[in-house]
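J.: pasting the sequence and the predicted model now:
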Amino acid sequence: MAKQTFWALLVLCALSSVLVSCVPKHSATREDRLKWNLLTLTNGYQQFGGKNSKWDADAIQALTDLGRTRVASFDEALVLSDLAGDAAETAVSAGCDDPMVQYVKTRYGPAVKARPLGERQEAYRVAASNLQNSAYAPFQKFHANLAAAELIYVSRNTNVWPLVRQLRGDAVSDLNLAFQDPTLPESEAYTAAAALFELLQHNLYQLTNAYCQLETTLTGTGARPALAAMVKADFYLKYAWLARGHGWANQVTPEAWQLFRERLGEAENALNRGWSLNPYDAQIPTVMISICLGQEKPRPEMEKWFARAMQLDPDNYPAARAKLIYLLPQWYGSRDDLLAFGRQCVASTNWGGRVPLILADAHSQFASTLSGTDWQDYWAQPDVWPDIQASYERYAQCAPDATSFRYPYALYAFRCRQWQAFNDQLKIIRQNDPAINANYFGGAEAFSNMLAQASSH
């Protein structure tokens, strides 16, 4: 009897384990994604890097800042990438030849940025090749190959097409391998696939071939069906815009409109399937907001998916950005709509993290539709600076340990001609950084001119 009880309990435990593994999971948080990136970068350096006390601290700092760029807002990512480049350049100058650090120096270091395009392209090629032949994680190699492929083909020189095709192929293979890593957060995997499709969206053969390879992995052994649905949705979203084109609506043929709607329908169906598989993944309703934009869905439908995305992840900056795009005047909103939403992001006690920065983004997005003196004069309008200030001060409360946001905060203050606020932010930056990263402000000369202009006022 005891033996039967033992086996019954064993079967019950096994069954419970299977059931638990089938339970839908919440999407990885921003902290989860950051932790995973830092582990694969810094642990990779600890295991495979050419360590030396002369440059270890700078190398680790470069890789840490690189990992932080993966989960930062757009403005903060610019700051962090510059800081990563500075640290990597210092490490390499001290003798570091680690391929990951060399890649960071090549992509973000000020010395390489200052070189002519041809020299930068060759430096990217070498950095990507060295990293590809290293023991670093495939996911990190993917980003290097993607960046190299993009820069080398930026001038559309057909003579380099064989090299570009190889780099793109390596990127697809690396991402395919990365998808087989069960520790890779699904939101990180989706973001990478979206970046790949963005690069390939003007080459139908490469776009469809890349998707087929990734789809086979995601639906094969160790399948990740919810992720497969999200990747399929993003593929069909890019595929739809490939059919429509990015011109004005009256320039689109009836045949192109039909393909556009059919492919968006495929994307919507994929996301609905993903949602039925896992209604706890905030990435799914986040992507659905972009589908609503393309399908000209009424605002209540978009709001439904936005509410779901924010309920699952109150720090869902990508969802807030997607809604912001939906509300742009060239789509389905107005300046008043943008600012009302941005102010809601600041005032909300339910949302946090980077979401308050949406108010500053709202002004930046609207200003980007202007040009020349209209763009410059916009920042002097009386309702702009109070919003910028409210946005960043609220974010400072949500992220008291953050410091990199002080750079864009200072730049906005300068644009808005708030000279004291500009100097105040620079003072805080100096308290946290050994030296201010002038590259963020356009280089040493531009930054010097900004200081002089602020001083004169």
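T.: Thanks, I have it. Numbers count the residues shown, from 1 in each chain.
J.: only C-alpha atoms from now on, for both contacts and neighbour counts.
T.: Noted.
J.: please name the residues that touch A178.
T.: Going by Cα atoms under 8 Å, 6 or more residues apart in numbering, A178 touches A137, P138, F139, L184.
J.: what is the neighbour count of R125?
T.: Counted with other Cα atoms under 10 Å, the neighbours of R125 add up to 23.
J.: secondary structure element holding it?
T.: Assigning secondary structure by DSSP states H and E places R125 in helix 117-132.
J.: helix or strand right after that helix?
T.: helix 138-152.
J.: that following helix vs helix 117-132, what angle?
T.: Interaxial angle, helix 138-152 versus helix 117-132 (axes from the mean of the first three to the mean of the last three Cα atoms, to 10 degrees): 160 degrees.
J.: which helices and strands sit right next to helix 138-152?
T.: Where contact means 3 or more Cα pairs under 8 Å, 6 or more residues apart in numbering; DSSP states H and E, helix 138-152 is packed against helix 117-132, helix 161-178, helix 186-200.
J.: out of these, the one nearest E76 is which?
T.: Proximity to E76 (Cα to Cα) singles out helix 186-200 among those, at 17.6 Å.
J.: what is that closest one packed up against?
T.: When contacts are defined as 3+ Cα pairs under 8 Å, 6+ apart, helix 186-200 packs onto helix 138-152, helix 161-178, helix 204-219, helix 225-244.
J.: take those and write them to CSV, including mean pLDDT and distance to K105.
T.: Formatted as CSV, the helices and strands packed on helix 186-200 follow (pLDDT from 0 to 100; distance: least, Cα to Cα, whole Å):
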stretch, mean pLDDT, distance to K105
helix 138-152, 95, 12
helix 161-178, 95, 19
helix 204-219, 92, 29
helix 225-244, 90, 31
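J.: which one of those lies closest to S448?
T.: When the helices and strands packed on helix 186-200 are compared by Cα to Cα, helix 138-152 sits nearest S448, at 29.7 Å.
J.: isn't G274 up against A229?
T.: Yes. Using Cα atoms under 8 Å, G274 is in contact with A229, at 5.2 Å.
J.: thinking again about what came up before, which one of the helices and strands packed on helix 138-152 lies nearest to P400?
T.: Across the helices and strands packed on helix 138-152, P400 has its closest neighbour in helix 186-200 (24.9 Å, Cα to Cα).
J.: Q344: which element?
T.: helix 335-347.
J.: same deal with F260?
T.: Using DSSP H and E, F260 maps to helix 254-277.
J.: run a quick neighbour tally on L451.
T.: Look at L451: counted by other Cα under 10 Å, it has 16 neighbours.
J.: do V154 as well
T.: Considering only other Cα under 10 Å, V154 is surrounded by 11 other residues.
J.: what's the closest of the helices and strands packed on helix 186-200 to V79?
T.: helix 138-152 (18.2 Å).
J.: contact partners of the closest one?
T.: 40-41, 103, 121, 124-125, 127-128, 131-132, 160, 163-165, 167-168, 170-172, 174-175, 177-178, 196, 199.
J.: how far off centre is that helix?
T.: From the chain centre to the centre of helix 138-152 is a distance of 14 Å (Cα atoms, centre = their mean, to the nearest Å).
J.: got it, and stretch 256-264?
T.: Computed by Cα atoms, centre = their mean, the chain-centroid distance of stretch 256-264 equals 27 Å.
J.: buried ones in it?
T.: Neighbour-count burial for stretch 256-264 flags A256, W257, L259, F260, R261, R263, L264 (criterion: 16 or more other Cα atoms under 10 Å).
J.: try stretch 148-161
T.: For stretch 148-161, by 16+ other Cα under 10 Å, it's A148, A149, E150, L151, I152, Y153.
J.: so which elements touch the helix or strand immediately after the helix holding F260 in the chain?
T.: The helix or strand immediately downstream of helix 254-277 is helix 283-294, counting by DSSP H and E. In terms of contacts (3+ Cα pairs under 8 Å, 6+ apart), helix 283-294 is packed against helix 225-244, helix 254-277, helix 299-312, helix 317-326.
J.: tell me what the third one is packed against?
T.: The helices and strands touching helix 299-312, judged by 3+ Cα pairs under 8 Å, 6+ apart, are helix 283-294, helix 317-326.
J.: quick one: low-confidence ranges for this structure?
T.: Of all residues in the chain, those with pLDDT under 70 make up the ranges 1-27, 221-222.
J.: highest mean neighbour count out of the helices and strands packed on helix 299-312?
T.: Highest mean neighbour count of the helices and strands packed on helix 299-312: helix 283-294, a mean of 24 (counted as mean count of other Cα atoms under 10 Å).
J.: can I get the CA coordinates of it in CSV?
T.: Coordinates of each C-alpha in helix 283-294 appear next as CSV, following Å, rounded to 0.1, in the frame of the first residue of the first chain:
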residue,chain,number,x,y,z
GLN,A,283,4.1,42.7,-25.3
ILE,A,284,1.1,41.3,-27.2
PRO,A,285,-1.3,44.2,-26.5
THR,A,286,1.6,46.6,-27.0
VAL,A,287,2.1,45.4,-30.6
MET,A,288,-1.6,45.4,-31.2
ILE,A,289,-1.6,49.2,-30.7
SER,A,290,0.4,49.5,-33.9
ILE,A,291,-1.9,47.1,-35.7
CYS,A,292,-4.8,49.4,-34.7
LEU,A,293,-3.0,52.3,-36.3
GLY,A,294,-2.5,50.5,-39.6
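J.: hmm, who's touching that helix?
T.: For helix 283-294, contacts defined as Cα under 8 Å, 6+ apart pick out 27, 187, 230, 234, 237, 264, 267-268, 271, 274-275, 298, 301-302, 305-306, 308-309, 318-319, 322-323, 326, 331.
J.: now do the strands in the stretch 1-150 of the chain.
T.: Along the stretch 1-150 of the chain, counting by DSSP state E, counting those that start in this stretch, no stretch forms strands.
J.: helices of that one, residue ranges please.
T.: Here the stretch 1-150 of the chain has its helices, by DSSP state H, counting those that start in this stretch, at 2-22, 30-38, 44-48, 56-69, 74-93, 99-108, 110-113, 117-132, 138-152.
J.: how about the third one: buried residues?
T.: Put plainly, it is helix 44-48. For helix 44-48, burial by neighbour count (16+ other Cα under 10 Å) applies to G44, Y45.
J.: could you say which helix or strand holds D377?
T.: Per DSSP H and E: helix 372-378 holds D377.
J.: continuing past that helix, what's the next helix or strand?
T.: helix 384-398.
J.: just the CA atoms of that next one, as CSV, please.
T.: The C-alpha coordinates for helix 384-398 follow below in CSV (Å, rounded to 0.1, in the frame of the first residue of the first chain):
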residue,chain,number,x,y,z
VAL,A,384,6.4,73.7,-23.3
TRP,A,385,8.9,74.1,-20.5
PRO,A,386,6.5,73.4,-17.6
ASP,A,387,5.6,70.1,-19.3
ILE,A,388,9.3,69.2,-19.9
GLN,A,389,10.1,70.0,-16.3
ALA,A,390,7.1,68.0,-14.9
SER,A,391,8.0,65.1,-17.1
TYR,A,392,11.6,64.8,-15.9
GLU,A,393,11.0,65.6,-12.3
ARG,A,394,8.3,62.9,-12.1
TYR,A,395,10.7,60.5,-13.7
ALA,A,396,13.3,61.4,-11.1
GLN,A,397,10.9,60.4,-8.4
CYS,A,398,10.1,57.1,-10.1
